[in-house]
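sequence first, predicted coordinates after that:
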Amino acid sequence: MEETKFERIGSHSHITGLGLEGRKAKFVGDGLVGQTEAREAAGIIVDMVKKGRFAGRAILLAGPPGTGKTAIAVGIAKELGRDVPFVSISGSEIYSAEMKKTEFLMQALRKAIGVRIHEMRKIYEGEVTTLDIQTVPHPYNPYQQVPKSATLGLKTKDEEKQFRVDETFAQYLIQQNVEVGDVIQIDADSGRIVKLGKTKEALKKESMDLHVKDTVELPEGSIVKEKEFVYVLSLHDLDAATSRRGSFFSLFFGGKEEITNETRQEVDEMVKKWVDEGRAEIIPGVLFIDEVHMLDIEAFAFLNRAMESDLAPIIILASNRGMAKIRGTDINSPHGVPLDFIDRLLIITTKPYNRDEIKKILEIRLKEEKVQMEEDALEYLTEIGVKASLRYAVQLIAPASNIASYHKRKKITREDIEEAEKLFVDVKKSMKYLKEYEEMMLG
């Protein structure tokens, strides 16, 4: 079977921090562009968190759609440290999950609290020299590709080997965003992967000044060795494992069952014991809740109590609404958030991007998605971003790249973007179309 390279590019995979120099935001830094005031405010919050002066508070990012609210939340998590968990949920998710609202929120909160565990384990350690992930059509959706297996090459200063791994391990590689040049550790028993950083040689080859990554030395000795293996699990991972089998290996078998308070208390006691023994450290992370106006009065009451807990993550809310009804009541309130909850929030506003900022963001996305575009095509795509929306312009990159490949062009041209624009319309055009043909549409 022909081997194909599989790459997963996330919407915010290029963000490595807040792009600050001291307390001042650079125009472009750590993958972020513009929003200098919002990023500087976020930098102050990071400083407060590190000094332990943020207890009992939360953050609200308020601004129009597509102004970088999620990106700033990711940047805050990255600034707090490499292993800091970042959990993102939408306010509407609490109603679609197959569990009680408060249970869903409790699980989200505990997913955002990490436990860094130290153990002596048999591990594989080395720099990734090759990574080829083979994919097959999804069993239930033939239009979606899923990993089947992977070929992984590792090297140290003294040894180089290649390994063939199964679909489960291939999925872990994708989830951890492992790429060539990364130095990784793999737990031989469980398959857990830890990224340590990139070698200086790998960074020179990439010549990416946008990506500020931890640099590490190429490991010495054998690829397989006995060593202290450091990995991070969330409190929810430990809750789920204890609830099902009492074993870490049950982490990889999923499940949506509710977890009892007794189980959580048992896990908390176990983690405290590990911390006292020097075997673990607790890492409070970030819980990002988008569409905060979708939460109801019961959910806000629960979050109010949760913020008082000793083990509470940093809660960041996002809203693109002005005045809105608090769900479950007839009361209008700013951003649809109860006034007593707003009193505990530090509010940061984001503003629409200007033309230069839109162009720079598109350049970053092109680099992240590893596609090339002619200058006049980039100018045209920037105009689309100004007139329609930044999100729509970013969405056009992938189909335009596909059209360029079909015409055997290495760079995306203006014609490719124009063709993609005709095939995939923006919201304004879609609404205009529906208005023109509303009489023919079903009511």
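It's in. Numbering: from 1, shown residues only.

how far does the lengthiest strand in the chain sit from its chain's centre?
In the chain, ranked by residue count with DSSP state E as the criterion, the top strand is strand 113-137. Relative to the chain's own centre, strand 113-137 is displaced by 18 Å; criterion: C-alpha atoms, centre = their mean, to the nearest Å.

next: stretch 402-422.
Taking the mean of its C-alpha atoms, stretch 402-422 sits 29 Å from the chain's own mean (C-alpha atoms, centre = their mean).

which residues sit against that stretch?
Counting by C-beta atoms under 8 Å, 6 or more residues apart in numbering, stretch 402-422 makes contact with 371-374, 376-377, 380-381, 384, 396-397, 399-401, all of which sit outside it. Bear in mind the C-beta positions are built from the backbone N, C-alpha and C, glycine included.

just the buried residues of those residues.
Buried members of the contacts of stretch 402-422, counted by 16 or more other C-beta atoms under 10 Å: V371, M373, E374, A377, Y380, L381, I384, L396, I397, P399, A400, S401.

kindly indicate which of the residues you listed lies nearest E79.
The shortest separation between E79 and any of the buried ones among the contacts of stretch 402-422 is 27.3 Å, and it belongs to I397 (by C-beta to C-beta).

re earlier: could you dump the contacts of stretch 402-422 to a markdown table with pLDDT and secondary structure?
Putting the contacts of stretch 402-422 into a markdown table (pLDDT from 0 to 100; DSSP: H, G, I helix; E, B strand; the rest coil) gives the following:
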| residue | pLDDT | secondary structure |
| --- | --- | --- |
| V371 | 93 | coil |
| Q372 | 95 | strand |
| M373 | 97 | strand |
| E374 | 96 | coil |
| D376 | 96 | helix |
| A377 | 97 | helix |
| Y380 | 96 | helix |
| L381 | 97 | helix |
| I384 | 94 | helix |
| L396 | 95 | helix |
| I397 | 95 | helix |
| P399 | 95 | helix |
| A400 | 96 | helix |
| S401 | 95 | helix |
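
in TSV, list the residues you listed along with distance to G52.
As requested, the contacts of stretch 402-422 are arranged in TSV below (distance: C-beta to C-beta, whole Å):
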residue	distance to G52
V371	44
Q372	47
M373	46
E374	51
D376	52
A377	49
Y380	50
L381	45
I384	46
L396	45
I397	42
P399	48
A400	48
S401	46
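
hang on, R264 packs against R110?
Yes - counting by C-beta atoms under 8 Å, R264 sits close enough to R110 to count as a contact (7.4 Å).

what's the overlap in contacts for those two?
Any residue near both R264 and R110 by C-beta under 8 Å, 6+ apart counts here, and that gives L235, D239.

more neighbours, those two?
A side-by-side neighbour count of R264 and R110, using other C-beta atoms under 10 Å, places R110 first with 24 against 19.

how about the contacts made by that one?
For R110, the set of contacting residues under the criterion of C-beta under 8 Å, 6+ apart consists of S234, L235, H236, D239, R264.

what angle sits between whichever helix or strand the third one is part of and strand 113-137?
Read that as H236. Taking DSSP states H and E as the criterion, the element that holds H236 is helix 235-244. Using axes from the mean of the first three to the mean of the last three C-alpha atoms, to 10 degrees, the interaxial angle of helix 235-244 with respect to strand 113-137 works out to 80 degrees.

list the contacts of the residue nearest to D182 when sequence neighbours are not counted.
Spatial nearest neighbour of D182, excluding adjacent residues (C-beta to C-beta, 6 or more residues apart in numbering): V128 at 5.0 Å. V128 sits next to L152, G153, L154, V178, E179, V180, G181, D182, V183, I184 when contact means C-beta under 8 Å, 6+ apart.

could you tell me which of the residues you listed count as buried?
Among the contacts of V128, the ones that count as buried by 16+ other C-beta under 10 Å are L152, G153, L154, V178, G181, D182, V183, I184.

just the helices in the stretch 201-350 of the chain please.
In the stretch 201-350 of the chain, the helices defined using DSSP state H, counting those that start in this stretch lie at 235-244, 261-276, 297-306, 339-342.

nearest to P85, of those?
Closest to P85 of those is helix 235-244 (C-beta to C-beta; 9.5 Å).

mean confidence for the closest one?
Along helix 235-244, the predicted confidence averages to a pLDDT of 88.

now D426: closest residue in space, sequence neighbours ignored.
For D426, ignoring the flanking residues on the chain, the nearest one in space by C-beta to C-beta, 6+ apart is A388 at 4.0 Å.

report the secondary structure state of A150.
Secondary structure, DSSP: H, G, I helix; E, B strand; the rest coil: A150 is strand.

host element of the closest residue to it other than its chain neighbours?
Leaving aside its chain neighbours, A150 sits nearest to A170 (4.0 Å; criterion: C-beta to C-beta, 6+ apart). For A170, the enclosing helix or strand under DSSP H and E is helix 167-175.

quick one: that helix to chain centroid distance?
Relative to its chain's centre, helix 167-175 lies at 17 Å (C-alpha atoms, centre = their mean).

so what touches it?
Outside helix 167-175, the residues that touch it by C-beta under 8 Å, 6+ apart are 6, 8, 131, 133-134, 146-150, 152, 165, 191-193, 252.

what about 10 Å?
For helix 167-175, the surrounding residues in contact (C-beta atoms under 10 Å, 6 or more residues apart in numbering) are 6-8, 128, 131-136, 146-152, 163, 165, 178-179, 182, 184, 186, 190-193, 252.

if anything else comes up later, I'll come back, but that's it for now.
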